[in-house]
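[1] got a sequence here, can you model it:
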Amino acid sequence: VRALAQHSSLKMIVVGEVSSGKSTLLNAFLGSPLLPSSPGVTTSCVCRVRALQPAAASSHPDGYISHLVSGQEVECGLCDAQSLASRPLPLAAPYLEKVLHVHVPAHPRAPLLRSSIMLVDCPGLNDAVSSEELVNQEIMDADILLVVVDGTKSLTLTDAELIRHVSARGASPQLFFAVNRWDQVEEGYRARLRTQHLERVEELLALCREMDGTGGSAQLQAGAE
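    Take a look at the predicted model:
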């Protein structure tokens, strides 16, 4: 991921099941607990996070959030990030009203945070935003698709369906899997479980390559650690 971030611009989408640890991982990238992360359903909207643009630094030195409410743009401080990102939203709400634009001042603890890089935190799959919306609105132009997997459960059917959907649409982001909660797996089972994770990823990619899509499936590549 760091190597890809050396490019002039980058869009990384973080997806996964509800409570798989997506926001916790992004907070680690950001170097601060900006996004809501706790057991249960927390993130209810799409959070597009990027470094504060120089042009906005004078008027918003501490960063800011912008979002749409009934078609009107509203701005507020970063202190409202957790409450806004976890507020209840109906599935039928317009997509653009489910998006928070989070502008964060750059700092040394977050080397990935640059104005040319967008990190996107998504709700749990099929929670407040449908998988189809995510593919159409976020993933089609993404450079990296990072799937966060609960290490105690492995890849789920919901994860697999999203990846198949991405493949069928012809999108070709770099695909990474982050296995979370590894510390909750007993040490004696870790080698076997890691092998199982990798086998399921390979099986999924093989299925994607066999699909009659637009050719994007053959470009999907996965990395897992």
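[2] please identify the helix or strand for residue 206.
    helix 190-210 (DSSP states H and E).
[3] buried ones in that helix?
    193-194, 197, 200-201, 204-205, 208 (16 or more other Cβ atoms under 10 Å). Yep, even glycine has a C-beta here, placed from its N, CA and C like the rest.
[4] just checking, what packs against it?
    Judged by 3 or more Cβ pairs under 8 Å, 6 or more residues apart in numbering; DSSP states H and E, helix 190-210 is in contact with helix 157-168, strand 174-180, strand 221-224.
[5] and of these, who's closest to residue 34?
    Closest to residue 34 of the helices and strands packed on helix 190-210, according to Cβ to Cβ: strand 174-180, at 18.2 Å.
[6] can you tell me the strand partners of the closest one and which way each runs?
    The pairing partners recorded for strand 174-180 under DSSP bridges are strand 144-150 (parallel), strand 221-224 (parallel).
[7] now do it and helix 190-210, the angle between them.
    Interaxial angle, strand 174-180 versus helix 190-210 (axes from the mean of the first three to the mean of the last three Cα atoms, to 10 degrees): 150 degrees.
[8] buried sites along strand 174-180?
    Within strand 174-180, the residues scored as buried using 16+ other Cβ under 10 Å are 174-180.
[9] please pull out the lowest mean pLDDT helix or strand from the protein.
    The least trusted helix or strand in the chain, going by mean pLDDT, DSSP states H and E, turns out to be strand 221-224, with a mean of 43.
[10] average pLDDT across stretch 35-44?
    The average pLDDT for stretch 35-44 rounds to 77.
[11] check stretch 116-128 too.
    83.
[12] helix, strand or coil for residue 24?
    On the three-state scheme (DSSP: H, G, I helix; E, B strand; the rest coil), residue 24 is labelled helix.
[13] which residues touch the residue lying farthest from the centre of the chain?
    Farthest-out residue of the chain from its mean C-alpha position, per Cα atoms, centre = their mean: residue 188, at 30.7 Å. Residue 188 is in contact with no residue at all, counting by Cβ atoms under 8 Å, 6 or more residues apart in numbering.
[14] for it, helix, strand, or coil?
    Per three-state DSSP, residue 188 ends up helix.
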